[in-house]
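Engineer: Turn this into a model:
(chains A and B)
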Amino acid sequence: MEFHILAEPKHISRYVFVPGDHDRAKKIADHFDEPRLVSDSRGYMVYTGNVDGIRMTVSSTGMGGPQVAIGVEELAHLGADTFVRVGSCGTMRDDVNCGDVIVPTGMFRGGATGHRYLPPPFPAVPHFQVLTALVEAAARLGLKVHTGVGYSGDAFYAYMPSELETKLREARTAALEMEADTLFIIGSFRGWRTGAIFASDGTSKEMKPAWGEKLFRQGEENEIRIAIEAMKSIALADAETPAAQG
Amino acid sequence: MEFHIRCEPKDIARYAFVPGDHARAKKIADHFDQVEMVSTSRGYNVYTGTVDGMRMTVSSTGMGGPSVAICIEELAHLGVDTFIRVGSCGTMQPYVDCGDVIIASGTFRAGGTANNYLPVEYPAVPDFQVLSALVAAAKKSGAPYHVGIGSAGDAFYAPRDPSAREMLRNAGLVFGEMESDTLFVISSLRGWRAGALFASDGTATETKPAWGEKLFRQGEENSIRIAIEAMREIALADAK
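Structural biologist: The predicted structure follows:
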């Protein structure tokens, strides 16, 4: 039994989705066969079920690095080694609309939690196998994704220095969110496989506009389908070559 | 005419290889058809030719961030938007042998040049299309290769902190070299596509051992072939 996620190793799969939002965790679990709520404590809603006979777990993490770090560390104690964050994001790119799906190739380390593990020059990047699995899963499903660098920060309502904002806009920063930096850094530090996918709930000009809500919800459903398809392909590859986790 | 690379836009292709070493630039150019040396100035040896009818350029960059940054900025002024660094590296991991090819999925920003462009929290990562093309070409080549994170630093001979090195090794860093951080960060800011691959000239315990020279040279040739095949695929996709 962990300190915060009150479950046993037998309740947790090796393959785990980590959305921030409780509601999204439930939506992901609704795609499982025989999903079961295995823990509901400290804001971590944890469900385990099957997808085509492969056991998968989903746990909400809440918002921000500190909660993500505790969540993934405890899930790893319980046997998880492959994580896909299924999140929402804003964007600085003019070609990203509400509901568009983004697969990050790296994250700006604006959050501080990852700095307790590895220093800021260490790149917050997904594991190449997970990154590729997400992009290929989207192609198989006929769903469009953008790839690119995103920004993770600790303070949703804080002011971003205008010089940094100008540079990040020039660099066409694809996604703005609050968790993937922490996930990627701890994943590298611990030797896990991690990746992330986001549905945009805004545009480069508007934050969470009401007109975009329906598009966002469709994007959320799309990213869930892509994430599950990707995790399935990773699990199938593991079954073929148990040692190939490099 | 640029300040350091002395040629005109018509001399430069959209697709450029950027090795550090002059000798490797020549080796890459030897794979081109109708190759011409278009500039040799300030340590940048620049050749342009064709591969299967597609124009490609190679320029040596010299070693370290400052020299790389000037090179790619000027090449971009002259029309380049796609870069592949073809380098050599050391390694921190016991599973890497001399001559193995390593494709960068991200780079620890130990170099200082890129800090003038984007703060250190910004990840030094390749463009996904270039990264994928390199991995696909490596797979096709049959050569031994690895994909992973490495480190790029400014000072080859500076003293290393053993505990920091051990921490980075434990975090899985595969390669050590001196240029990809700068290439990736500037490319992200400018909107270019960039990727990097390296041939390892050492092992986790030995820096450039003499016994590994022949293996490294084979790895260097493998990395050149992989880079050219990847660039060819990117150019073909652009043409569609």
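Engineer: least trustworthy helix or strand in chain B by mean pLDDT?
Structural biologist: Every helix and strand in chain B was compared by mean pLDDT, DSSP states H and E; the lowest is helix B:162-170, with a mean of 92.
Engineer: Which residue ranges of chain B form strands?
Structural biologist: Ranges of strands within chain B are B:15-17, B:33-41, B:44-51, B:54-59, B:82-91, B:101-109, B:145-152, B:175-177, B:193-200, based on DSSP state E.
Engineer: residues from chain A in reach of chain B?
Structural biologist: Contact residues, chain A versus chain B (Cβ under 8 Å from any Cβ of the partner chain): A:103, A:105-110, A:118, A:120-125, A:128, A:131-132, A:135, A:147-149, A:164, A:167, A:170-172, A:188-189, A:191, A:246. Where C-beta positions appear, they are placed from N, C-alpha and C, glycine not excepted.
Engineer: follow-up on the earlier one: dump the strands of chain B to JSON lines, plus mean pLDDT and mean neighbour count.
Structural biologist: JSON lines is the format used below for those (pLDDT from 0 to 100; neighbours: other Cβ atoms under 10 Å in any protein chain shown):
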{"stretch": "strand B:15-17", "mean pLDDT": "98", "mean neighbour count": "26"}
{"stretch": "strand B:33-41", "mean pLDDT": "96", "mean neighbour count": "15"}
{"stretch": "strand B:44-51", "mean pLDDT": "98", "mean neighbour count": "21"}
{"stretch": "strand B:54-59", "mean pLDDT": "98", "mean neighbour count": "25"}
{"stretch": "strand B:82-91", "mean pLDDT": "98", "mean neighbour count": "26"}
{"stretch": "strand B:101-109", "mean pLDDT": "98", "mean neighbour count": "28"}
{"stretch": "strand B:145-152", "mean pLDDT": "98", "mean neighbour count": "24"}
{"stretch": "strand B:175-177", "mean pLDDT": "97", "mean neighbour count": "27"}
{"stretch": "strand B:193-200", "mean pLDDT": "98", "mean neighbour count": "28"}
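Engineer: And those strands: which comes nearest residue A:199?
Structural biologist: Checking those against residue A:199 by Cβ to Cβ gives strand B:101-109 as the closest, at 23.9 Å.
Engineer: just how off-centre is that closest one within its chain?
Structural biologist: Centroid separation for strand B:101-109 versus its chain: 10 Å, with Cα atoms, centre = their mean, to the nearest Å.
Engineer: does any part of that strand sit near chain A?
Structural biologist: Yes - using Cβ under 8 Å from any Cβ, strand B:101-109 reaches chain A at B:105-109.
Engineer: which among the residues you listed gets closest to residue A:177?
Structural biologist: Of these, the one sitting nearest to residue A:177 (Cβ to Cβ) turns out to be residue B:106, at 18.3 Å.
Engineer: Identify the residues contacting the closest one.
Structural biologist: Shown in contact with residue B:106 (Cβ atoms under 8 Å, 6 or more residues apart in numbering or on different chains): A:106, A:123, A:125, B:123-126, B:149, B:184.
Engineer: 7 Å instead, please
Structural biologist: With contact taken as Cβ atoms under 7 Å, 6 or more residues apart in numbering or on different chains, residue B:106 is in contact with A:106, A:123, A:125, B:123-125, B:149.
Engineer: which parts of chain B sit against chain A?
Structural biologist: Selection of chain B residues close to chain A by Cβ under 7 Å from any Cβ of the partner chain yields B:105-110, B:118-125, B:128, B:147, B:149, B:171-172, B:188-189, B:191.
Engineer: Just give the nearest non-adjacent residue to the spatially most central residue of chain A, would you?
Structural biologist: By Cα atoms, centre = their mean, the mean C-alpha position of chain A lies nearest to residue A:85, the distance being 1.4 Å. In this structure, residue A:85 finds its nearest non-sequential neighbour in residue A:196, 4.0 Å apart by Cβ to Cβ, 6 or more residues apart in numbering or on different chains.
Engineer: Verify the stated contact: that neighbour with residue A:88.
Structural biologist: No - here residue A:196 lies out of contact with residue A:88, judged by Cβ atoms under 7 Å, at a distance of 11.3 Å.
Engineer: higher neighbour count, those two?
Structural biologist: Higher neighbour count among residue A:196 and residue A:88: residue A:196, with 31 against 21, using other Cβ atoms under 10 Å in any protein chain shown.
Engineer: can you pull out the helices in chain A?
Structural biologist: Applying DSSP state H to chain A gives helices spanning A:22-29, A:65-77, A:128-141, A:162-170, A:180-190, A:213-240.
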